[in-house]
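**Student:** The following block contains a protein sequence and its predicted model.
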Amino acid sequence: MNRNFVINAVEVLRAGGLVAMPTETVYGLGADARNVSALRKIFLAKQRPMNHPLIVHLAEISQLEEWADDISETGLLLAKAYWPGPLTLIFKKAPGVNDLVTGGQETIGLRIPHHPVAQALLQAFGGGIAAPSANRFGRISPTTAKAVYEELGDSVDLILEGGQCSVGVESTIVDVSGKHPTILRPGMITAANIEEVLHSRVIDKPQSAPRVSGSMESHYAPATKIRLIGSDKLKQYLSEYKSSNGAIAVMSFIYVQQSVDLPLEWVSMPRHVEEYAHNLYQVLRELDKKNFQEIVIEEVPETREWDAIRDRLQRASGRG
């Protein structure tokens, strides 16, 4: 990473501007988390509801007490185990944290990203960077710098290039502000991973919990209609599909042989969950550009390791 780009990015942040930065999960739209006018620019650029909380990114665990209050032992255990990495922890907010960051709640989401560009920026900036995904609200999260520009254009003052994100879906969010750790958004750090550290079960279907990023019923969605279909019904659906209805795309594990006149583009998806996550948003973004009538996606396995992928697909189809 060119040091001059980091210096430029720090200058933009300190002047109240927006910097898109790569993380291992997705690209984030960053602003100085202490600057109210800069925070407002995030909501404006993304067309994001003002009560939707932001995640603050830090460089080191030593900064935790600047942003969080009443830090639990559970939270510290998970932070030490998975930071830097694709895990966001929800703590009680420290005094002085602006309501724009928390969505008016008494809790705050914090994480330390692993990506070297994000780390370099955070170390040089020295403070918290509020950074939701760098896309229009509810749309597909960007996993490349090009996708950021396609989403937000010149509303971003500076886009840092960091290649395609290695993880490819948003961080796991775990609420550690109460008595029982609760998964509020699944990610590639799974419930089993968290339980291994804590030596106890975690709640993954809370009845009531803080609002967090990516919790809307419809989210991570392309403009093209998404249809989720079980593997046992996919062949029948395609055999009955009428070509006069328009061209479709299919994302599935196994190719389904169909008649040659069916206007169909097929994308083979990996059976390995980490590869699937890495590819998912980029595949959806490319298919969304082609004006298909719909994108048909074979449902993923009902196992815990696929929770994050299943969550993103259900929300993309409006079934979150």
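**Tutor:** Yep, that arrived. Numbers count the residues shown, from 1 in each chain.
**Student:** When you work out contacts or count neighbours from here on, use the C-alpha atoms and nothing else.
**Tutor:** Noted.
**Student:** How many residues are close by the closest residue in space to residue 243 that isn't next to it in sequence?
**Tutor:** Residue nearest to residue 243 in three dimensions, not counting chain neighbours: residue 262, with 5.4 Å by CA to CA, 6 or more residues apart in numbering. Counted by other CA atoms under 10 Å, the residues lying close to residue 262 total 16.
**Student:** Tell me who's in contact with residue 262.
**Tutor:** If a contact means CA atoms under 8 Å, 6 or more residues apart in numbering, then residue 262 has 242-243, 247 as its contacts.
**Student:** With residue 289 instead?
**Tutor:** Residue 289 sits next to no residue when contact means CA under 8 Å, 6+ apart.
**Student:** Does residue 83 touch residue 110 like I think?
**Tutor:** No - in this structure, residue 83 is not within contact of residue 110 by CA atoms under 8 Å, at 10.4 Å.
**Student:** Neighbour count: these two, which is higher?
**Tutor:** More neighbours sit around residue 110 than around the other of residue 83 and residue 110, counting by other CA under 10 Å; the figures are 25 against 18.
**Student:** Which helix or strand contains that one?
**Tutor:** strand 107-111 (DSSP states H and E).
**Student:** Give the rounded mean pLDDT of stretch 93-111.
**Tutor:** Summarised as a single mean, pLDDT over stretch 93-111 is 96.
**Student:** Return that stretch as CSV; C-alpha atoms alone will do.
**Tutor:** Coordinates of each C-alpha in stretch 93-111 appear next as CSV, following Å, rounded to 0.1, in the frame of the first residue of the first chain:
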residue,chain,number,x,y,z
LYS,A,93,-21.6,2.7,24.6
ALA,A,94,-19.2,5.0,26.4
PRO,A,95,-20.3,8.5,27.4
GLY,A,96,-19.9,11.0,24.6
VAL,A,97,-20.5,8.6,21.7
ASN,A,98,-22.8,10.4,19.3
ASP,A,99,-26.3,9.1,18.7
LEU,A,100,-25.7,9.0,15.0
VAL,A,101,-23.2,6.2,15.5
THR,A,102,-25.5,4.2,17.7
GLY,A,103,-28.8,4.9,16.0
GLY,A,104,-30.0,6.5,19.2
GLN,A,105,-29.4,3.2,21.2
GLU,A,106,-27.3,2.7,24.3
THR,A,107,-25.1,0.2,22.6
ILE,A,108,-22.3,0.4,20.0
GLY,A,109,-20.8,-1.9,17.4
LEU,A,110,-17.0,-2.2,17.3
ARG,A,111,-14.5,-4.2,15.3
